[in-house]
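>>> Following is a predicted model, sequence given first.
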Amino acid sequence: MNWYLAVLKKYAVFSGRARRKEYWFFILFNLIITIVLSFIDGAMGGLGEGGIGILSGIYALAVFLPSLAVTIRRLHDTDRTGWWFLIAFIPLIGAIVLLVFMVLDGTPADNQYGPDPKGAEAEA
């Protein structure tokens, strides 16, 4: 849960680097919260035509910027520019390439985007 909250605290911070752990725990908790809210929306009869309820929609809007920011910081950790995020808009192939980038280990030393987050955590 701390990893999820850490991403929310860096609401719109696009600079720096994010570890795989930070990124994937945010995605995991985001998915769990989305499922719970969708279930609540369905139970209340609040699902719209697109299958998105009011609670799910508000939550999606609230976490859009943090999701984008942590994705860009994760790309920075693999020594790639945040513009690589745009490859996700290419159907299927782009999503697969972006997924591979998210799974790759970050550069082990400092890179142009900042110090190694693993090294900074070990020193603390």
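Yep, that arrived.
>>> from here on, contacts and neighbour counts on C-alpha atoms
Noted.
>>> Now do the residue of the chain most remote from its centre against Thr71, distance only.
No residue in the chain sits farther from the centre than Gly45, which is 29.0 Å out by Cα atoms, centre = their mean. Distance of Gly45 to Thr71, given as Cα to Cα, to the nearest Å: 33 Å.
>>> Pass me the low-pLDDT residue ranges in the chain, would you?
Across the chain, residues meeting the criterion (pLDDT under 70) sit at 48, 120-124.
>>> just the helices in it please.
In the chain, the helices defined using DSSP state H lie at 2-9, 20-44, 54-62, 64-77, 93-103, 117-123.
>>> Is Leu37 in contact with Ile54, as I believe?
No. The criterion here is Cα atoms under 8 Å, and Leu37 misses it with Ile54 at 9.0 Å.
>>> which one of those two has more residues nearby?
When neighbours are counted by other Cα atoms under 10 Å, Leu37 and Ile54 differ, and Leu37 comes out ahead with 20 against 16.
>>> Just give the nearest non-adjacent residue to the more buried one, would you?
Nearest residue to Leu37, sequence neighbours excluded (Cα to Cα, 6 or more residues apart in numbering): Ser56, at 5.5 Å.
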